[in-house]
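Asks: Just to be clear, the model below is a prediction. Sequence and coordinates:
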Amino acid sequence: MGMGGVGGGGSGGGRRRRRKKSGIMSEINVTPMVDVMLVLLIIMMVAAPMLTSGVPVDLPRTAASELPSQTRPITVSVSPEGAIFVDEAPVTETDLVSTVGTLATVEDRVYLRGDTTANYGTVMRVMGLLSAAGYTKIGLVTERER
């Protein structure tokens, strides 16, 4: 009987211990996660420079001079009313290509400035006329937002 009481007390103590253990186990162990993150961080730090660097190429040297750069770009503007200007001079849609042709070659860059309130169709029509004439380097001029 005395032994049964001791056994019962022992099992009761065991139950208490189990509760304490389950209380400890319910806390999340963060250490393995931190270890994994640090390993990933190190891998990324090692791999990042390899991703950004290009293929090492020894470029051939030549005596040829650089291509002559355009002295001043040609600017085609479209006003809010739909009028077309080459630099400062007003032109019609029919004369646009010939006027730009006298000022620039097909290789030169042409800047197209369309007013914010200008008709979208007019700006696109001007762009279409220029590209149909062979001007491939057409840049749309914008203003940075403040």
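Replies: Happy to help now that I have it.

Asks: how does the protein divide into domains?
Replies: With domains defined by automatic domain parsing, the chain comprises 7-48, 74-140.

Asks: TSV for those domains, including distance to Pro60?
Replies: (Each C-beta comes from the backbone N, C-alpha and C, glycine too.) Converted to TSV, the domains of the chain look like this (distance: least, Cβ to Cβ, whole Å):
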stretch	distance to Pro60
domain 7-48	31
domain 74-140	24
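
Asks: which stretch in the ones you listed has the least confidence?
Replies: Within those, confidence is poorest for domain 7-48, with a mean of 72 (mean pLDDT).

Asks: just so I have it, where are all the helices in this structure?
Replies: Along the chain, the stretches classed as helices by DSSP state H are 2-25, 31-52, 93-103, 120-132.

Asks: Just the C-alphas of the second one, formatted as CSV.
Replies: Presented in CSV, the C-alpha positions along helix 31-52 are these (Å, rounded to 0.1, in the frame of the first residue of the first chain):
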residue,chain,number,x,y,z
THR,A,31,18.0,29.4,-33.8
PRO,A,32,17.8,27.0,-36.8
MET,A,33,15.9,29.6,-38.8
VAL,A,34,18.6,32.3,-38.1
ASP,A,35,21.3,29.8,-39.1
VAL,A,36,19.5,29.1,-42.4
MET,A,37,19.0,32.8,-43.1
LEU,A,38,22.7,33.6,-42.4
VAL,A,39,23.8,30.8,-44.8
LEU,A,40,21.4,32.2,-47.5
LEU,A,41,22.7,35.7,-46.9
ILE,A,42,26.3,34.5,-47.4
ILE,A,43,25.4,32.7,-50.6
MET,A,44,23.7,35.8,-51.9
MET,A,45,26.7,38.0,-51.0
VAL,A,46,29.0,35.6,-52.8
ALA,A,47,26.7,35.2,-55.9
ALA,A,48,25.7,38.8,-56.4
PRO,A,49,29.0,40.1,-57.8
MET,A,50,29.1,37.2,-60.2
LEU,A,51,25.6,38.1,-61.5
THR,A,52,26.4,41.8,-62.1
